[in-house]
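Undergrad: The following block contains a protein sequence and its predicted model.
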Amino acid sequence: NFTGGAFSNAATLVILGGSTPQTVTSAGQRFHRLTLTNTAASVTFADAAQADYYRSESATVVYQGDFEAGDFRVYSDGGAVTQTFAAGATYAIQELYLMGGSGRTVFLRSSGTAWNLNVSKLAYARCVDAAYSDARGGITVRPIASVDSGSNSNWDFGAAWSVWTGASSSDFGTAANWSPAAVPGPTNHVLVDDPDALEVSASASIRSLAVGGSTASVMTVSAALTVAEDIHVARYGRLLLNTPGMAAGNDVAVLEGGVVSHSGNTTAEDYKVDLAVGRHLTVDEGGRVDVSAMGYWRQCGPGAPTRYRTGASHGGLGGRTSNGDSGLPGPTYGSIIAPTNNGSGGGFYAGEDDGG
């Protein structure tokens, strides 16, 4: 009970790990990271709560007031769990992750009538059973393999999802790599949240794309891929765009922990990020569009130096070392205003690993 007290959340992780019923009264104090590991008894939030990162691990939770979170996660690894929300209360969440599974349903219930779910960035819900959830204050929630138990607004339980499993290979075009076992098409929302890498090697069209969320996931696009609606690159997700022709009809969002890049080049400019965005590109703090060290190999490229240890050129001349015999940098190339060429590799000396 924080009533009358103060709490400096800084970068603190608070864990509620008891085995008997627990009640939290936050009294307006905000948590940085808050994790619930009490699987033996219920945890009750007696008033409105706030957290930058919130994680409920197989816990049964009762929310008696509003809740605000940047990243809100519910896991059911130990079996079905129930999250009960206060009727009329508002749950303002930027990134929502409801991580159920087969035989591990996440039940969302109300203390009475409708509770308000306002998701602003990403709604990721798997194996959920929801009731009395009014999500009209945010984006549409399109759950995977879930149950509509009634009185839900702005939920699309009929959305056609293709979930990557990588059970057979890394090929996008192999049906056995997907759940359900069919290659995604223009009407399918696609989720890639699996440790098995995925590569698109032939032209394809899908409805929406989400990469990452709970597991380190890599998706490589080596052929034209058209996404009719939105692309989300979430935490743990890495989207490598290796060919022109990737396009999003609506928005592209690189969330905290997500990365957009391309594969590393060698002696030729084979890969670069080339993405058409129909509406808005958003890169959150902690998200990255990052092609660092993905240019030419050492001493390769049009700006490569003539000898070892000298820096390569691109928009400006590469630097020289104090060794007068180290040679000259290569010529400048490309645009200094809107560069689209890969960087050249610095000179190297036999036996050394790095370029100049």
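TA: Arrived safely. Numbering: from 1, shown residues only.
Undergrad: OK, contacts around the residue nearest the centre of the chain?
TA: Centroid-nearest residue in the chain: A234, 0.6 Å away (criterion: CA atoms, centre = their mean). With contact taken as CB atoms under 8 Å, 6 or more residues apart in numbering, A234 is in contact with 95, 122, 124, 210-213, 255, 257-258. All C-beta spots, glycine's among them, are computed from the backbone N, C-alpha and C.
Undergrad: And T332, by the same measure?
TA: With CB under 8 Å, 6+ apart as the criterion, the residues that contact T332 are 303, 313-317.
Undergrad: ok so, going back, can you list which of the contacts of A234 are found in strands?
TA: Here DSSP state E is the test, and the contacts of A234 give 95, 122, 124, 210-211 as lying in strands.
Undergrad: out of those residues, which one sits closest to G101?
TA: Of all these, the one sitting nearest G101 is Y124; the distance, using CB to CB, is 13.2 Å.
Undergrad: Just give me the neighbour total for the closest one.
TA: The local packing count at Y124 equals 23, with neighbours defined by other CB atoms under 10 Å.
Undergrad: Show me just the buried residues among the contacts of T332.
TA: Taking 16 or more other CB atoms under 10 Å as the criterion, what is buried in the contacts of T332 is 303, 313-314, 317.
Undergrad: picking that back up, skipping adjacent residues, who's closest to the residue nearest to the centre of the chain in space?
TA: G212 (4.1 Å; CB to CB, 6 or more residues apart in numbering).
Undergrad: F7 now?
TA: With sequence-adjacent residues excluded and distances taken as CB to CB, 6+ apart, F7 is closest to Q29, at 4.2 Å.
Undergrad: what's near enough to touch that neighbour?
TA: Taking CB under 8 Å, 6+ apart as the definition of contact, the neighbours of Q29 are 2, 5-7, 9, 50.
Undergrad: out of those residues, which are buried?
TA: In the contacts of Q29, the ones that pass as buried (16+ other CB under 10 Å) are 9, 50.
Undergrad: Redo the contacts of Q29 as a markdown table? Include secondary structure, distance to S168 and pLDDT.
TA: Formatted as a markdown table, the entries for those read as follows, by DSSP: H, G, I helix; E, B strand; the rest coil; distance: CB to CB, whole Å; pLDDT from 0 to 100:
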| residue | secondary structure | distance to S168 | pLDDT |
| --- | --- | --- | --- |
| F2 | coil | 52 | 93 |
| G5 | coil | 56 | 91 |
| A6 | coil | 55 | 87 |
| F7 | coil | 50 | 86 |
| N9 | coil | 45 | 88 |
| Q50 | strand | 44 | 97 |
